[in-house]
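Participant: Starting from these lines, generate the structure:
(one chain, ligands or ions: 1)
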Amino acid sequence: MSDSLRNQSLERSRSEKKIRHLYVHIPFCPHICPYCAFHVIRSSKAGTEILIPKLLEEFNSASSSLELSTIFLGGGTPTSLSTSQLEQFLTVLISKTSVDRRNLEVTSECNPSTLSLQKAQRMVDLGVNRLSIGAQSFDPTILKTLGRTHSATAITDCISTARSAGFTNINVDLIFGVPGQTLDSWRSTLEAVLSQKPQHVSCYGLTYEEDTDFFRRNKTGELGSNSLEKEMFELADEVLCQAGLVHYEISNYALPGFECRHNLAYWRGKEFLGIGPSAVSTIGGIRQRNSKFDGQSWHIEEEEVLTSEILASERMALGLRTAEGICEDNFHEEFGFSPNERWRNEIEALEKNQLLQRKPSLRLTTQGRAVADEVAVYFMK
Ligand code: SF4
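Facilitator: Alright, predicted model coming up:
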C-alpha cells in the first residue's frame with residue numbers, strides 16, 4: 001500500500017466532505033495482558049519518544065481534510081505516555097480542529113495504574129473530556145486469571161482521581177465469561193461498578209483471539225471454560241438497566257446523553273481516519289490499515305477498495321448492534337436498495353425466529369441481541 005493511495009482517498013474526502021472522526025493508536029502498555037489481541041508493546045521511554053513525532057507527522061499530513069467532532073485515543077494505554085508527551089501530542093491534535101471545543105468529544109483509554117492526578121488534570125486542561133478505564137473486574141481472582149496487575153482499590157482510586165481532575169464522563173470497561181467467573185462474581189462486579197456511578201459501562205464477553213497466550217492455553221484446555229456467557233450478558237442487561245443505564249449497543253450501556261459519539265459514528269458507518277501503528281482508516285470508499293510499529297516507524301500496509309455491497313453489508317452488521325437499529329428509508333437513500341430487497345430471505349428467517357423486528361426500525365429483538373454475531377453473518381454476503 002502506498003502513501004499515494006491515502007492521499008487519493010484524502011483528496012476525494014477533501015473535495016466532498018471533511019472527516020469528523022479520528023482514532024489514534026498508542027501501542028504502549030506497562031504490562032501485556034495474556035488475552036490481548038491488539039497491537040501492543042511493553043512501554044519504553046525510547047519507544048514513546050520515537051512514536052510521538054511520527055504520530056504528529058502522520059496527523060499533520062491529513063489535518064487539512066479534518067473537521068473533527070470526535071477523537072479517540074486508544075491502544076494500548078494512552079495514559080502510559082508521560083504527561084509531557086500527552087501534552088506535546090494533544091496540543092497539536094486539538095489546536096488543529098476547527099470545531100467548537102464544546103462540541104468535540106475527546107476520549108482517552110486509561111489503565112487504572114497509569115493515571116496520576118497531575119496527568120488527569122493536564123488531560124482535562126488539554127481538552128480530553130471522556131475517560132475510558134480498563135477495569136475488567138472487581139474480583140481479585142478474575143483479575144488474576146486475566147493477568148491484570150491492578151486491584152479493585154486501584155480502580156476506585158482511578159475513578160476518584162479522574163473525578164477530582166474534572167472528568168464528568170467516565171466509562172468503565174468490564175469483561176465477562178472468564179474461566180472460573182461465577183454469576184455471583186459477575187453480579188458483584190456489576191454492583192461495584194454501579195456504586196462508582198460511571199456515566200458509561202462497556203461489557204465485553206471474553207474472546208480467545210489467535211496469537212494470544214489465552215488462545216494457546218484455551219486450546220490445550222489449561223484455562224478451563226465458562227458456559228455462563230449468555231446468562232452473564234442477560235444479567236448485565238438486567239442490573240445495569242435497572243440502575244438507569246440504557247443498553248444502546250450490544251456491549252455498551254450509558255446514561256442518556258452519555259453514549260460514546262465516536263463509537264456511534266463507527267457503527268453508523270461514518271468515515272474516520274486512524275493514525276498510529278495498526279490503525280485503520282475508512283475514507284472515500286477505501287479502507288487502509290497501518291503496519292505495526294517496528295521500533296522506528298510504521299506505514300500503510302494494506303488497502304481494500306470498499307464496494308457499495310461491502311459497505312451495505314457492514315452497515316447492516318454494525319447498525320444491528322445498536323438499539324436504534326437501521327432506518328430502512330435512510331439505508332435505501334444511501335445505497336439505492338432497501339435491506340429487504342437485498343436480504344429478503346434472511347430477514348424473513350430472522351423475523352420468524354424472533355431474532356429481528358422491522359418496526360419502528362430494523363433491529364434485533366432481546367433474543368437477537370444475545371446472538372448478534374451469528375445474526376451479522378446473515379448480512380455479510
Ligand atoms: S492493558 Fe489493554 S491494551 Fe494493554 S495489553 Fe492489557 S488488554 Fe491489551
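Participant: Looking at this protein, which strand is longest?
Facilitator: Using DSSP state E, we find that the single longest strand of the chain is strand 66-75.
Participant: check which helix or strand covers Ile142.
Facilitator: Assigned by DSSP states H and E, Ile142 belongs to helix 140-145.
Participant: hmm, the helix or strand following that helix touching the ligand?
Facilitator: Per DSSP H and E, the first helix or strand lying C-terminal to helix 140-145 is helix 152-165. No - figure legend: helix 152-165 not in contact with the ligand (C-beta under 6 Å from any ligand atom); closest approach 12.8 Å. Quick note: C-beta positions are derived from backbone N, CA and C, even for glycine.
Participant: Okay, buried residues for helix 152-165 please.
Facilitator: Neighbour-count burial for helix 152-165 flags Ala152, Ala154, Ile155, Thr156, Cys158, Ile159, Thr161, Ala162, Ala165 (criterion: 16 or more other C-beta atoms under 10 Å).
Participant: residue ranges for the helices of the stretch 201-350 of the chain, please.
Facilitator: Per DSSP state H, counting those that start in this stretch, the stretch 201-350 of the chain carries helices over the ranges 213-220, 229-242, 261-267, 308-319, 328-335, 339-352.
Participant: what's the average pLDDT for the third one?
Facilitator: It stands for helix 261-267. The pLDDT scores in helix 261-267 average 96.
Participant: before we move on, the earlier item: tell me the helices and strands packed up against the helix holding Ile142.
Facilitator: Helices and strands touching helix 140-145, by 3 or more C-beta pairs under 8 Å, 6 or more residues apart in numbering; DSSP states H and E, are helix 183-195.
Participant: Check which residues of the helix it packs on are buried.
Facilitator: Ser185, Trp186, Ser188, Thr189, Leu190, Ala192, Val193, Leu194.
Participant: Repeat that for stretch 52-65.
Facilitator: Of the residues in stretch 52-65, those with enough neighbours to count as buried (16+ other C-beta under 10 Å) are Ile52, Lys54, Leu55, Leu56, Glu58, Phe59, Ala62, Ser63, Ser65.
Participant: and the fifth one, what does it touch?
Facilitator: This points to Glu58. Applying C-beta atoms under 8 Å, 6 or more residues apart in numbering to Glu58 gives the contacts Ile275, Gly276.
Participant: now the fourth one
Facilitator: The contact partners of Leu56, taken as C-beta under 8 Å, 6+ apart, are Gln88, Phe89, Val92.
Participant: Include pLDDT and distance to the ligand when you put the buried residues of helix 183-195 into a markdown table, please.
Facilitator: Rendered in a markdown table, the data for these read as follows (pLDDT from 0 to 100; distance: C-beta to the nearest ligand atom, whole Å):
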| residue | pLDDT | distance to the ligand |
| --- | --- | --- |
| Ser185 | 98 | 19 |
| Trp186 | 98 | 19 |
| Ser188 | 98 | 22 |
| Thr189 | 98 | 17 |
| Leu190 | 98 | 20 |
| Ala192 | 98 | 19 |
| Val193 | 98 | 17 |
| Leu194 | 98 | 23 |
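Participant: Contact residues of the stretch 51-200 of the chain facing the ligand?
Facilitator: Contacts of the stretch 51-200 of the chain with the ligand, taken as C-beta under 6 Å from any ligand atom, map to Gly75, Gly76, Thr77, Asn111, Gly134.
Participant: give me the number of residues near the last one?
Facilitator: Gly134 has 24 neighbouring residues, counting by other C-beta atoms under 10 Å.
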